[in-house]
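S.K.: Prediction below, plus the sequence it came from.
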Amino acid sequence: MKQSTGITVTLKAAVSVDGKIATGSGQSKWITGDVARRKAHQLRHENDAILVGINTVLTDDPELTVRSIEKGRSPVRIVLDSKARIPEQSRVFQNDGVPVIIITGNQAPSRSWPERGELKIIQAPEETPDILWVLSELKNFGLKSLLVEGGSLIHASFLKSNCVDHLALFMAPKIIGGQDSLSWCGNINVENVNDACQLDISSITPLGEDWFISASIK
Ligand SMILES: NC(=O)c1ccc[n+]([C@@H]2O[C@H](COP(=O)([O-])OP(=O)(O)OC[C@H]3O[C@@H](n4cnc5c(N)ncnc54)[C@H](OP(=O)(O)O)[C@@H]3O)[C@@H](O)[C@H]2O)c1
């Protein structure tokens, strides 16, 4: 049953038709084309915050800002990073005045952090931040909507926590294939197909050469 958290959560991913978000070597730029990426920036603009897992920062070093949208407003940037591994030079720390929140676990080593205004380091009460706990903390910051941009493990954790409202999948007419390449959602403990997470697809819209699939969790 959907947990009521007070935050509207949207999982977003750019995927191939076989559901992959990266190649076996972790390379993911760019699966979708310009039109889809512009819509993705629109989604960022519409949400109060964006959240990613530390592996995505280490692999892609994303800026997590809003670009190519007129009067676009960049949301708060959040990274789940149990062991405080995020490099100081990561692009999420750019000095653009947008708040950044790093959430570590309670076993994270002490370390130095970039000298930056609007940087909050929050330590979870457990080794790996629990998603429902994270959402309750974010609510204290007045955040009402969250765009979760992956990767695979983070999406799986959100789905397992039953706190997801919407899915925003940008699907490219490509096959990446491979046993080692990540799909957009990691293990969610589905043994029987009857137990699969069921979706209500509200729309499928062409975006340039790609497709935008908007869905909610049943
Ligand atoms: N195509 C796309 O749309 C897209 C989007 C994003 C990423 N990607 C790709 O996805 C890949 C990375 O995905 P990934 O699955 O390896 O990693 P990820 O989901 O980005 O990060 C997972 C890591 O986050 C940390 N974490 C902290 N709290 C967590 C929690 N409650 N649940 C799960 N993880 C938590 C864990 O590391 P610690 O234990 O160290 O904290 C965990 O290993 C990259 O190749 C990237 O290019 C693609």
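M.R.: That came through, no problem. Residues are numbered from 1 along each chain as shown.

S.K.: Can you name the residues that contact the spatially most central residue of the chain?
M.R.: Nearest to the geometric centre of the chain sits Glu149, at 2.0 Å (C-alpha atoms, centre = their mean). For Glu149, the contact set (C-beta atoms under 8 Å, 6 or more residues apart in numbering) comprises Lys12, Ala13, Ile50, Leu51, Val52, Thr56, Pro62, Leu64. Every residue, glycine included, has its C-beta placed from N, CA and C.

S.K.: Just list the residues touching the fifth one, thanks.
M.R.: Contacts for Val52 were tallied using C-beta under 8 Å, 6+ apart; they are Pro62, Leu64, Ile78, Val79, Leu80, Val148, Glu149, Gly150, Gly151, Ile154.

S.K.: Could you list which of these belong to helices?
M.R.: Counting by DSSP state H, these place Ile154 in helices.

S.K.: Get me the contact residues on the protein for the ligand.
M.R.: Counting by C-beta under 6 Å from any ligand atom, the residues of the chain close to the ligand are 13-14, 21-22, 26, 28, 31, 52-56, 59-60, 80-83, 85, 128-129, 131, 149-154, 157, 182, 186.

S.K.: Filter these down to the ones in strands?
M.R.: Judged by DSSP state E, strands contain the following of the residues of the chain next to the ligand: Ala13, Ala14, Val52, Gly53, Leu80.

S.K.: and the first one, bridged to which residues?
M.R.: With DSSP bridges as the criterion, Ala13 is bridged to Leu169.

S.K.: Run a quick neighbour tally on it.
M.R.: By the criterion of other C-beta atoms under 10 Å, Ala13 has 26 neighbours.

S.K.: returning to what we had before: select only the buried ones of the residues of the chain next to the ligand in PyMOL?
M.R.: Selection of buried members from the residues of the chain next to the ligand for PyMOL, criterion 16 or more other C-beta atoms under 10 Å:
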select buried, resi 13+14+21+22+26+28+31+52+53+54+55+56+60+80+81+82+129+131+149+150+151+152+153+154+157+182+186
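
S.K.: now, the most widely separated pair of the contacts of Glu149?
M.R.: For the contacts of Glu149, the farthest-apart pair by C-beta to C-beta is Ala13 and Leu64; their separation is 14.5 Å.
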